[in-house]
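Engineer: below are the sequence and a predicted model for it; my questions follow.
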Amino acid sequence: MIRIGCGQGFWGDSFEAPVRLVEDGPLDYLVLDYLAEVTMSILQKQKKENPAFGYARDFPQLIERIQHSKVRVIANAGGVNPTACALEIKRRCPQLKVAIVHGDDIMDQLDQHPLLNIDSGEPLSTVRDQVLSANAYIGAFPIAEALASGADVVVTGRCSDAALVLAPMLHAFHWSESDWDLLAAGIVAGHIVECGAQCTGGNCLADWESIPDLANIGYPIVEAHEDGTCVITKHAGSGGRVSLASVKEQLVYEVGDPRAYYTPDVIADFTSVQLEQEGVDRVRVSNAKGLPRPEQLKASISYHWGYKAVGTLVYGPPKARAKAFRGAAIVDERCAGLGLHFDQRVTEVFGDDWAMLRMAVRARDRAPVERWTREMIPLVLNGPPGATGYGEGRPKAHQVVAYWPALLPREAVVTRIEVLP
């Protein structure tokens, strides 16, 4: 059996959770998932501004804190610049052996494949000049190869989230590339824990008011066995709850067809999975079934769409809701008088005795959005009475980054392992 802790569900998750996982009990591997689809474009922008950036820069700091633990770490914190991430780890912790998994970046292949949008069928050529980042989802086998090099820390770019957990199982149990049911078991385990504490009571609908000590919530641990069964648990004494309900909620999270969950390594059938409450904060997972891996890999492509701005105001009684709607109408009338046009406008009013007005606009060009930002805040003095809640002042125009999902042939993505000396 091996014990795999997941201490990060997204970039911005608890900085203390991975440390507690390492310090509060036995652990063989620590996996950290930093990358959402939009994160890659944010990192690409950072790298464009500074070639030394483009990765989750708090990750090397974390490794420095746990460098003497002897727990092996796997993370996709490399983002769009895994080499820079690995070098910073070596600078801080020269005694650690660090391996990099290369190959997910496909920016140089954008003109070699149609890369049709999965949702609309449009070719990437329609937005080609606006592309900010392009990465293929790689699987667990290259990560397992990096572990086989003896690395203490494995840094990847874009990989499938569950591959981070499947990889140490491949390394420890020597499953083959055609052990479909075993690979599916690893993917199911990885999917359950990939969002960190979301499976240990965080963001849980089931009896959420009774979940204990969320301030000190324990992050999940997979006790994985060679036969593919596993137990989802957490460290004793930590907050939160591991229950059938918390695990089931995460199991169906972000799933399209539960009978065919596509990953680079296997197509997993979630409907075959059996869950059993084995004890307090222990859920046993078994009977995963898998089908041969898909012939194509998914590509995550981000591109510049345009600009948006969002502003809020709060109105107090009496007639707060009516004040909010009147304020919105004033802004719309002024924008019409200025000849401003937007691709999309949203007006929302929340509350009654006290009401929050939220307005947002989006346009391809920056100019109308920038002009709109100057029309909402004047309501504080020249609109309905009693406006407050404008602590940040005038709304700001922000770039809109859109997501372009596509497929490309598996053979087009070639991975490579680099071990830093």
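Structural biologist: Okay, I see it.

Engineer: and this structure, what are its domains?
Structural biologist: Domain ranges of the chain: 2-300+405-419, 305-403, per automatic domain parsing.

Engineer: turn those domains into a markdown table, including mean pLDDT and mean neighbour count.
Structural biologist: Every C-beta, even on glycine, is put in place using the N, C-alpha and C of the backbone. Listed next are the domains of the chain as a markdown table, based on pLDDT from 0 to 100; neighbours: other CB atoms under 10 Å:
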| stretch | mean pLDDT | mean neighbour count |
| --- | --- | --- |
| domain 2-300+405-419 | 96 | 20 |
| domain 305-403 | 95 | 17 |
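
Engineer: which parts of the stretch 301-421 of the chain are helices?
Structural biologist: Using DSSP state H, counting those that start in this stretch, the helices of the stretch 301-421 of the chain run over 320-338, 366-376, 379-382.

Engineer: for residue 115, find the nearest of these.
Structural biologist: helix 366-376 (27.0 Å; CB to CB).

Engineer: all helices of the stretch 101-250 of the chain, in order?
Structural biologist: With DSSP H, counting those that start in this stretch as the criterion, the stretch 101-250 of the chain has helices spanning 141-148, 163-173, 180-193, 244-251.

Engineer: closest to residue 264 out of these?
Structural biologist: helix 163-173 (6.9 Å).

Engineer: save the helices of the stretch 101-250 of the chain as CSV, and put in distance to residue 270 too.
Structural biologist: Shown next, in CSV, are those (distance: least, CB to CB, whole Å):
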stretch, distance to residue 270
helix 141-148, 22
helix 163-173, 15
helix 180-193, 7
helix 244-251, 6
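
Engineer: so which of these is nearest residue 229?
Structural biologist: Of the helices of the stretch 101-250 of the chain, nearest to residue 229 by CB to CB is helix 180-193, at 7.2 Å.

Engineer: keeping just the C-alphas, turn the closest one into PDB.
Structural biologist: Taking C-alpha atoms only, helix 180-193 is exported to PDB below (Å, rounded to 0.1, in the frame of the first residue of the first chain):
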ATOM      1  CA  TRP A 180      -7.600  -0.800 -18.200                       C
ATOM      2  CA  ASP A 181      -9.400  -1.600 -15.000                       C
ATOM      3  CA  LEU A 182      -6.400  -0.800 -12.800                       C
ATOM      4  CA  LEU A 183      -5.700   2.400 -14.700                       C
ATOM      5  CA  ALA A 184      -9.400   3.400 -14.300                       C
ATOM      6  CA  ALA A 185      -9.100   2.700 -10.600                       C
ATOM      7  CA  GLY A 186      -6.200   5.100 -10.300                       C
ATOM      8  CA  ILE A 187      -8.100   7.700 -12.300                       C
ATOM      9  CA  VAL A 188     -11.200   7.400 -10.100                       C
ATOM     10  CA  ALA A 189      -9.100   7.900  -7.000                       C
ATOM     11  CA  GLY A 190      -7.300  10.800  -8.600                       C
ATOM     12  CA  HIS A 191     -10.600  12.400  -9.600                       C
ATOM     13  CA  ILE A 192     -12.000  12.100  -6.100                       C
ATOM     14  CA  VAL A 193      -9.100  13.900  -4.500                       C
END
